[in-house]
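Enquirer: my questions are about this predicted structure, shown below with the sequence.
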Amino acid sequence: PRVTFVGGDAFAYEPPWAGEEGRGVRTWMVSDVIAYPARAVELVRRWGSRRWASRMVVTMKFQAGVDWAALDEAGSVAESLGYDFRSK
């Protein structure tokens, strides 16, 4: 197992295997960025629809209480792309 930290713009980053069918099959994407919840949903949609990772861990940070609608949207997007969704 190998973990690689990649710094930079999480929303512009494309993994080296982007465009190669099946390369993300055993890849985890872990994102802990400061962004509005809608941007985290966008990240899940982008990576998930391209199958860049088989598993994703994405944090959603809220400024003033939980944005339940954003959390529900993230779950819907993840599940529509075939991923399991959990939140705490």
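Expert: Ah, there it is.
Enquirer: and the helices in this structure, which stretches?
Expert: For the chain, the helices defined by DSSP state H cover 37-50, 68-80.
Enquirer: could I get those as JSON lines with distance to Met60 and mean pLDDT?
Expert: In short, each C-beta sits where N, CA and C put it, glycine included. Output for the helices of the chain, formatted as JSON lines (distance: least, CB to CB, whole Å; pLDDT from 0 to 100):
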{"stretch": "helix 37-50", "distance to Met60": "5", "mean pLDDT": "91"}
{"stretch": "helix 68-80", "distance to Met60": "6", "mean pLDDT": "93"}
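Enquirer: tabulate those helices in TSV, adding columns for mean neighbour count and distance to Ala18.
Expert: Supplementary listing: those in TSV, determined by neighbours: other CB atoms under 10 Å; distance: least, CB to CB, whole Å:
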stretch	mean neighbour count	distance to Ala18
helix 37-50	18	7
helix 68-80	15	19
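Enquirer: select, out of those helices, the one closest to Thr4.
Expert: Within the helices of the chain, the stretch nearest Thr4 is helix 37-50; the backing value is 15.3 Å (CB to CB).
Enquirer: residues in contact with the closest one?
Expert: Identification of contacts with helix 37-50 by CB atoms under 8 Å, 6 or more residues apart in numbering yields 10-11, 18, 24, 29, 31, 33, 35, 53, 56, 58-62, 67, 70-71, 73-74, 77-78, 81-83.
Enquirer: those in strands, which ones?
Expert: Members of the contacts of helix 37-50 lying in strands (criterion: DSSP state E): Met29, Ser31, Met56, Val58.
Enquirer: are any of those residues buried, and if so which?
Expert: With burial judged by 16 or more other CB atoms under 10 Å, the buried subset of these is Met29, Ser31, Met56, Val58.
Enquirer: quick one: contacts for Met56?
Expert: Applying CB under 8 Å, 6+ apart, one finds that Met56 lies in contact with Trp28, Met29, Val30, Ser31, Val44, Trp47, Gly48, Ala78, Tyr83.
Enquirer: separation between it and Ala78?
Expert: Counting by CB to CB, to the nearest Å, the separation of Met56 from Ala78 is 8 Å.
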